[in-house]
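**Student:** I'll drop the sequence and a predicted model, then ask my questions.
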Amino acid sequence: MSSPETLATSRPARWKWLDNIRTRPGPYTDPDVFDPDAAVKTMDTMKVLVIGAGGLGCEILKNLALSGFKDIHVIDMDTIDISNLNRQFLFRQDDVGKSKAEVAARFVERRVRGVKITPHNAKIQDFDESFYMQFQLVICGLDSIEARRWINAALVDMVDENVEDSIKPLIDGGTEGFKGQARVILPTVTSCIECQLDMHAPRAAVPLCTLASIPRQPEHCIEWAHVIAWDQEKPFPQLDKDDPVHINWLYQKALERAKEFNIQGVTYSLTQGVVKNIIPAIAATNSVIAAACCNEALKIATNCNPFLGYPDNNYMMYSGNDGIYTYTFKHERKEDCPVCGSEARELALPVSKPADWTLRELVESLAGRPEAQLKKPSVRAAGKTLYMQSPPSLEQQTRPNLDKTLEELGLSEGQEIAVTDPAFGAVTFRFRLKFKKQ
Ligand SMILES: [Zn+2]
């Protein structure tokens, strides 16, 4: 065991202040087992996985490297777009079109000597359990709920009580405009991302009647052009949201409608934003959230201070929309969580009897429900397949069921249905049907 002084002098001065935290006992360290070398050694060998090399990912990679992590992997399937450059500061004009993971990894390696960053220009779904098993910590900086749900399910599934080290702490950051959140998940121990799905309610869809009759906001005019005018006029066979000609067609249509109803604010870029469902990204919000995530990583790795997620508070929300407000609370694990719980989740239907709803209505409703958010659901009940999205032969065979009522399919109050979705691999979502009281 070396003293803090010898360790500090044997290491580059660059890490002096970090080592002050890592090599000295603090109010929360156990004096009986404290070893000043341990935290440094742990971080030197610890393998950390970063998912996403975009707005949050650039910040996370930089912070981890500057916090003393040495062996980092990063996954991102995206290439650099010119619109990323205002906040994804590891990228330059010359990098446009190149892999985010690769460019980010090389940049941080050049700036922070001694750190190794292994880039993976791939999808998270391309890797199997043995890949994820090699890491001690996973940090997500993603903008997609689907990707979060996938990695969450994979990490929960990997937990094996007989295998030490099979619980991989998951730190998740997310931002939207001036708002964000940081949370820590200990798979199977604390509430998981699926338990917390209601924190990500899908954006309330504007009712079609508002779009069709009384638009009030520029977004309504754009949605009208997107949903109604495009369908009626079919200016091109298929809408390509990346084609400026198509976006411009929608923009002009939306503009005409906005004039008619005396609504200001329809622009080309708003049209693009609404149609592509782009979430506003602000550099400084990404910094705040990534910093919170990386401090938790440092605490988990070194045990120097209690971290978010254990034993109580596990979710920090940050809101800069109206002044600044932060709030940290405990999100409870849910027994009816399809990923980490054991019970079926209740599915409250908007009709009072099984004869009033078709399977199609049920299947289509699953995408918009906060507790489900499943876009391509396949449904089974009582061991029978009711509807399958794929393969095509099975889809065709089960398609006639879509127009049958729940009653005709033998579904009734309290019945359990099993839903799968290609976005979530082997996870089965169990729902218990509940009809509206008359
Ligand atoms: Zn859960």
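**Tutor:** Great, that's in hand.
**Student:** Helices along the stretch 151-300 of the chain, start to end?
**Tutor:** 208-212, 218-224, 230-233, 244-260, 268-275, 283-302 (DSSP state H, counting those that start in this stretch).
**Student:** Comparing those, which yields the minimum mean pLDDT?
**Tutor:** Of all the helices of the stretch 151-300 of the chain, the minimum mean pLDDT falls on helix 208-212 (a mean of 79).
**Student:** Tell me which other helices or strands that one touches.
**Tutor:** Where contact means 3 or more Cβ pairs under 8 Å, 6 or more residues apart in numbering; DSSP states H and E, helix 208-212 is packed against helix 218-224. The way it works is simple: take the backbone N, C-alpha and C, and place the C-beta from them, glycine included.
**Student:** three-state assignment of the residue of the stretch 1-150 of the chain at minimum distance from the ion?
**Tutor:** Nearest residue of the stretch 1-150 of the chain to the ion, counting by Cβ to the ion: residue 149, 10.3 Å away. Using DSSP: H, G, I helix; E, B strand; the rest coil, the secondary structure recorded for residue 149 is helix.
**Student:** That one against residue 196, yeah?
**Tutor:** No. Using Cβ atoms under 8 Å, residue 149 is not in contact with residue 196; the gap is 10.2 Å.
**Student:** for the stretch 101-250 of the chain, what spans make up the strands?
**Tutor:** For the stretch 101-250 of the chain, the strands defined by DSSP state E, counting those that start in this stretch cover 116-120, 137-141, 170-176, 179-185.
**Student:** Switch these over to JSON lines; also include mean neighbour count, mean pLDDT and distance to residue 431.
**Tutor:** JSON lines is the format used below for the strands of the stretch 101-250 of the chain (neighbours: other Cβ atoms under 10 Å; pLDDT from 0 to 100; distance: least, Cβ to Cβ, whole Å):
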{"stretch": "strand 116-120", "mean neighbour count": "19", "mean pLDDT": "98", "distance to residue 431": "35"}
{"stretch": "strand 137-141", "mean neighbour count": "26", "mean pLDDT": "98", "distance to residue 431": "26"}
{"stretch": "strand 170-176", "mean neighbour count": "24", "mean pLDDT": "96", "distance to residue 431": "25"}
{"stretch": "strand 179-185", "mean neighbour count": "25", "mean pLDDT": "96", "distance to residue 431": "23"}
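**Student:** separation between residue 347 and the ion?
**Tutor:** Taking Cβ to the ion, to the nearest Å as the measure, residue 347 falls 17 Å from the ion.
**Student:** isn't that residue right next to residue 429, touching?
**Tutor:** No. Counting by Cβ under 8 Å, residue 347 does not reach residue 429; the two are 9.6 Å apart.
**Student:** To what extent is the residue of the stretch 1-150 of the chain closest to the ion buried, counted in neighbours?
**Tutor:** Other residues near residue 149 number 23, with proximity taken as other Cβ atoms under 10 Å.
**Student:** Residue ranges in this structure under the pLDDT threshold?
**Tutor:** Residues of the chain meeting the criterion pLDDT under 70: 1-11, 201-206.
**Student:** one more time with 50, if that's ok
**Tutor:** 1-2, 4-5, 7-8 (pLDDT under 50).
**Student:** and the end-to-end length of stretch 238-249?
**Tutor:** The first and last residues of stretch 238-249 sit 13 Å apart, counting by Cα to Cα, to the nearest Å.
**Student:** residue contacts, residue 176?
**Tutor:** 279-280 (Cβ atoms under 8 Å, 6 or more residues apart in numbering).
**Student:** what's the spacing between it and the ion?
**Tutor:** 22 Å.
**Student:** which one of the helices of the stretch 151-300 of the chain has the most crowded surroundings?
**Tutor:** helix 218-224 (a mean of 23; mean count of other Cβ atoms under 10 Å).
**Student:** which outside residues touch that helix?
**Tutor:** With contacts defined as Cβ under 8 Å, 6+ apart, helix 218-224 is touched by 206, 210-212, 215, 250-251, 253-255, 257-258, 261, 263-267, 270-271, 274-275.
**Student:** In PDB, could you pull the C-alpha coordinates for that helix?
**Tutor:** In PDB, the C-alpha atoms belonging to helix 218-224 read as follows (Å, rounded to 0.1, in the frame of the first residue of the first chain):
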ATOM      1  CA  PRO A 218     -48.100  26.900 -37.000                       C
ATOM      2  CA  GLU A 219     -47.400  23.200 -36.100                       C
ATOM      3  CA  HIS A 220     -51.100  22.400 -36.800                       C
ATOM      4  CA  CYS A 221     -50.800  23.800 -40.300                       C
ATOM      5  CA  ILE A 222     -47.700  21.800 -40.900                       C
ATOM      6  CA  GLU A 223     -49.300  18.600 -39.600                       C
ATOM      7  CA  TRP A 224     -52.300  19.300 -41.800                       C
END
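**Student:** who does the helix or strand containing residue 59 touch, helix- and strand-wise?
**Tutor:** Assigned by DSSP states H and E, residue 59 belongs to helix 55-66. Applying 3+ Cβ pairs under 8 Å, 6+ apart, we find helix 55-66 packed against strand 47-51, strand 71-75, helix 100-111, strand 137-141, strand 170-176, helix 283-302.
**Student:** just to revisit the earlier point, got the strands of the stretch 101-250 of the chain as JSON lines, with distance to residue 377 columns?
**Tutor:** Output for those, formatted as JSON lines (distance: least, Cβ to Cβ, whole Å):
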{"stretch": "strand 116-120", "distance to residue 377": "30"}
{"stretch": "strand 137-141", "distance to residue 377": "24"}
{"stretch": "strand 170-176", "distance to residue 377": "24"}
{"stretch": "strand 179-185", "distance to residue 377": "25"}
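**Student:** For residue 310, find the nearest of the ones you listed.
**Tutor:** Residue 310 sits nearest to strand 179-185 of all those, at 7.4 Å, using Cβ to Cβ.
**Student:** if we look at the closest one, which residues are touching it?
**Tutor:** 152, 155, 169-174, 190-193, 196, 199, 285-286, 288-289, 292-293, 296, 300, 307-310, 314-321, 331.
**Student:** quick one, what contacts residue 362?
**Tutor:** Contacts of residue 362 by Cβ under 8 Å, 6+ apart are 349, 379, 406.
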